[in-house]
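A.B. asks: Quick one: sequence plus predicted model below, questions after.
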Amino acid sequence: MKERFHNYIKTLQNTITAKLEEVDGEANFREDIWERPEGGGGRSRIIENGKIFEKGGVNISAVHGELPKSMQAYFGVEDADFFACGLSLVLHPKSPMVPTVHANWRYFEMYDKHGNLVDQWFGGGQDLTPYYLFEEDAVHFHSVCKTACDLHHPDFYTLYKKKCDDYFWNEHRNESRGIGGLFFDYCKATDEMAITDWYNFVTEVGNSFLNSYIPIVLKRKNINFTADQRDWQEIRRGRYVEFNLVHDKGTLFGLKTNGRIESILMSLPPFVQWRYDHRATAGSEEERLLDVLKTPREWV
């Protein structure tokens, strides 16, 4: 399974980066091949200063070795080895009218000290972080997510939409990072879902990504915006940074397993503001967004 999924994410990375370059029209991805001393490595692709995308990355990795002691304690195991591979992407557009997007699809195996496979699971998801709320965009994004889920189980969208709302919650701000999407983890074989069934589900979601996001980009990329709206985007980006550095499990896992720092932190936007006690104007579009972030909504 690990070879199968690794081959899948390599192909998916090519598909996504080619389409994003086409949509941007100016910038190309810089490719960076790296190796992890303890085992494995990855292929990072970064786009910067484009016509549409101010910064973004579409990275794949496949790493293996001894599971760090801190992670062994987290999983409740001893003397364990691991293999993990996945694709992770974040795109920060220049325009505050175009939302930031994040996605990740991953596979994990754990072995005992004799090299026997003792556990395996899939995880992943995709979520949207707008700076100005266009409700039809939220409906489109969630509709694509639901369609992918419904092909595999009638309860998946409801379940993983709720998990996404719960996961991407900035507890210290009491608000959501964005308007959600899907989040699933520890997807293990059961009587109902074999590991190959989980593979089919996760790849279905991965294959749906471009359709969930690109139509939104094309619709919003040419909308004019003001300096004040750009300021708001950078202030909201600060909340994005806070979540990634304080709460995000993927970031913390990468840091604790001696992952490549540049690839892990590529998710951070290039221009961010933190203004003391900043408040949105009553009745403004900015306040309308905050109202939704305080109380996650059902979109489909």
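C.D. replies: Perfect, thanks for sending it.
A.B. asks: From T11, how far out is the nearest residue to H278 once chain neighbours are set aside?
C.D. replies: Leaving aside its chain neighbours, H278 sits nearest to I235 (5.8 Å; criterion: Cβ to Cβ, 6 or more residues apart in numbering). (C-beta placed from N, C-alpha, C; glycine too.) Per Cβ to Cβ, to the nearest Å, I235 is found 38 Å from T11.
A.B. asks: which one of these two has more residues nearby?
C.D. replies: I235 (17 against 10; other Cβ atoms under 10 Å).
A.B. asks: does the more buried one sit in a helix, a strand or a coil?
C.D. replies: Three-state assignment for I235 (DSSP: H, G, I helix; E, B strand; the rest coil): helix.
A.B. asks: cool, and the one 4 residues further on?
C.D. replies: Applying three-state DSSP to R239 yields a three-state assignment of helix.
A.B. asks: Could you shift the numbering so residue one becomes 20, and keep it that way?
C.D. replies: Sure thing, new numbering starts at 20, so read that last one as R258.
A.B. asks: how close does it get to R64?
C.D. replies: From R258 to R64 the distance is 26 Å (Cβ to Cβ).
A.B. asks: Show me which of those two is the more surrounded one.
C.D. replies: More neighbours surround R64 than the other of R258 and R64, with 23 against 20 (other Cβ under 10 Å).
A.B. asks: Just confirm the more buried one contacts W53, I think it does.
C.D. replies: No: R64 is beyond contact range of W53, at 11.7 Å (criterion: Cβ atoms under 8 Å).
A.B. asks: Going by contacts, tell me the helices and strands next to the longest helix seen in the chain.
C.D. replies: Using DSSP state H, we find that the single longest helix of the chain is helix 214-239. Applying 3 or more Cβ pairs under 8 Å, 6 or more residues apart in numbering; DSSP states H and E, one finds that helix 214-239 makes contact with helix 21-43, strand 100-112, strand 119-130, strand 136-148, helix 154-169, strand 199-206.
A.B. asks: Let's have those in a markdown table, adding mean pLDDT.
C.D. replies: What follows is these, written out as a markdown table (pLDDT from 0 to 100):
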| stretch | mean pLDDT |
| --- | --- |
| helix 21-43 | 98 |
| strand 100-112 | 96 |
| strand 119-130 | 96 |
| strand 136-148 | 96 |
| helix 154-169 | 98 |
| strand 199-206 | 97 |
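A.B. asks: Format the ones you listed as TSV; extra columns: distance to Q292.
C.D. replies: What follows is the helices and strands packed on helix 214-239, written out as TSV (distance: least, Cβ to Cβ, whole Å):
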stretch	distance to Q292
helix 21-43	24
strand 100-112	14
strand 119-130	15
strand 136-148	16
helix 154-169	24
strand 199-206	24
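A.B. asks: So for D310, which of those sits nearest?
C.D. replies: When the helices and strands packed on helix 214-239 are compared by Cβ to Cβ, helix 154-169 sits nearest D310, at 12.2 Å.
A.B. asks: by how many degrees do the closest one and strand 119-130 diverge?
C.D. replies: Relative orientation of helix 154-169 and strand 119-130, computed by axes from the mean of the first three to the mean of the last three Cα atoms, to 10 degrees: 20 degrees.
A.B. asks: now helix 154-169, how far from the centre of its chain.
C.D. replies: Centroid separation for helix 154-169 versus its chain: 16 Å, with Cα atoms, centre = their mean, to the nearest Å.
A.B. asks: what sits against the closest residue in space to G225 that isn't next to it in sequence?
C.D. replies: Leaving aside its sequence neighbours, G225 sits nearest to W124 (Cβ to Cβ, 6+ apart; 4.7 Å). Taking Cβ atoms under 8 Å, 6 or more residues apart in numbering, we find W124 in contact with 28, 31, 105-106, 141-144, 221-222, 224-225.
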